[in-house]
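Student: for reference, the sequence and a predicted model appear below.
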Amino acid sequence: MIPDESAPRGRGRSAVRGWLYDRLLSGLTAGWYRAVLTRLPDRARVLDVGIGTGGAVTRCAELVRAKDLRIVGVDIDRDYLERCVSGLSRAGLHEHVSTCLASVYDHRGGPYDAVYFSASLMLLPDPVGALTHAATQLAPTGQMFFTQTFHHRRSRLVEKLKPMIRHVTTIHFGRVTYEDEFRAALVDAGLELVEFVQLKSTRHASACLAVACVQDREQGDLVPFAA
């Protein structure tokens, strides 16, 4: 999720923001995170875009260790990353997960076997730009993973109200997202969708997992890691 940069800082305020983030999001995103990690090969190198407080990855600590993954988590929120580092230490993941205070647009690293956007891509100011840059960080056979909630129908009321939640929670949940916009962003960035599954669905929205690869017809058919 996108942090609310307008929120006052200070140790007390920072602790509350991190606690709220974990209470509101980590339980949900941990299931998403696990669905992605199970698709990765052992010893994969992973870029986690918007790692936040790290609550999701620490809840999957046993899986991270069992697969011997190496994860670099980037985020633009210093408060969240401080909480993340503490959580990673308590979970014994300091050898598997490192953090970086940076935006996805500026990060230089890799090559990564996977880049993961957890509910973050369509909330960024320039999704296509983020995808294009992230693609340069991938290994030749690397893949991009996405988990995101998509609303089924457009609603002006929800579109107006959702960004206002940050005034209560200090967490910027961004704008309402739709599947057609997500798919269009992938195409514009030169990516090909190779897997798209629903993780959970309600009357109004669906939580989905998507996997994409950089388009390259010379490589033949593109398939997800788990296929």
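Tutor: Nice, thanks for sending it over. Numbers count the residues shown, from 1 in each chain.

Student: show me the longest strand that occurs in the protein.
Tutor: strand 138-151 (DSSP state E).

Student: off-centre distance for that one?
Tutor: Averaging C-alpha positions (CA atoms, centre = their mean, to the nearest Å) puts strand 138-151 9 Å from its chain's average.

Student: how about the strands in the protein?
Tutor: Counting by DSSP E, the chain has strands at residues 2-3, 45-49, 70-75, 97-101, 112-118, 138-151, 171-172, 191-201, 205-214.

Student: send me the longest strand of the chain as PDB with only the CA atoms.
Tutor: The C-alpha trace of strand 138-151 is given here as PDB (Å, rounded to 0.1, in the frame of the first residue of the first chain):
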ATOM      1  CA  LEU A 138      14.500  -9.200 -14.200                       C
ATOM      2  CA  ALA A 139      16.700 -12.100 -15.100                       C
ATOM      3  CA  PRO A 140      16.100 -13.500 -18.700                       C
ATOM      4  CA  THR A 141      13.600 -16.000 -17.400                       C
ATOM      5  CA  GLY A 142      12.200 -13.800 -14.700                       C
ATOM      6  CA  GLN A 143       8.500 -13.200 -14.000                       C
ATOM      7  CA  MET A 144       6.400 -10.500 -12.500                       C
ATOM      8  CA  PHE A 145       3.800 -11.400  -9.800                       C
ATOM      9  CA  PHE A 146       0.800  -9.300  -8.800                       C
ATOM     10  CA  THR A 147      -1.900  -9.600  -6.200                       C
ATOM     11  CA  GLN A 148      -4.600  -7.000  -6.300                       C
ATOM     12  CA  THR A 149      -8.300  -6.400  -5.500                       C
ATOM     13  CA  PHE A 150     -10.300  -5.400  -8.500                       C
ATOM     14  CA  HIS A 151     -13.800  -4.000  -8.300                       C
END
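
Student: next, the buried residues of it.
Tutor: 138, 142-151 (16 or more other CB atoms under 10 Å). (Each C-beta comes from the backbone N, C-alpha and C, glycine too.)

Student: quick one on the thing from earlier: check the strands of the chain for me: which has the lowest mean pLDDT.
Tutor: The weakest mean pLDDT among these belongs to strand 2-3, with a mean of 40.

Student: what about the spatially closest residue to Thr177 that is not a sequence neighbour, how many residues nearby?
Tutor: In space, and not counting its chain neighbours, Thr177 is closest to Met122: 4.1 Å by CB to CB, 6 or more residues apart in numbering. Met122: 21 surrounding residues under other CB atoms under 10 Å.

Student: same check on Gly55?
Tutor: 23.

Student: can you check the pLDDT for it?
Tutor: pLDDT, Gly55: 93.

Student: just Gly110 next, same as before
Tutor: pLDDT at Gly110 comes out at 86.

Student: no further queries at this time; thank you.
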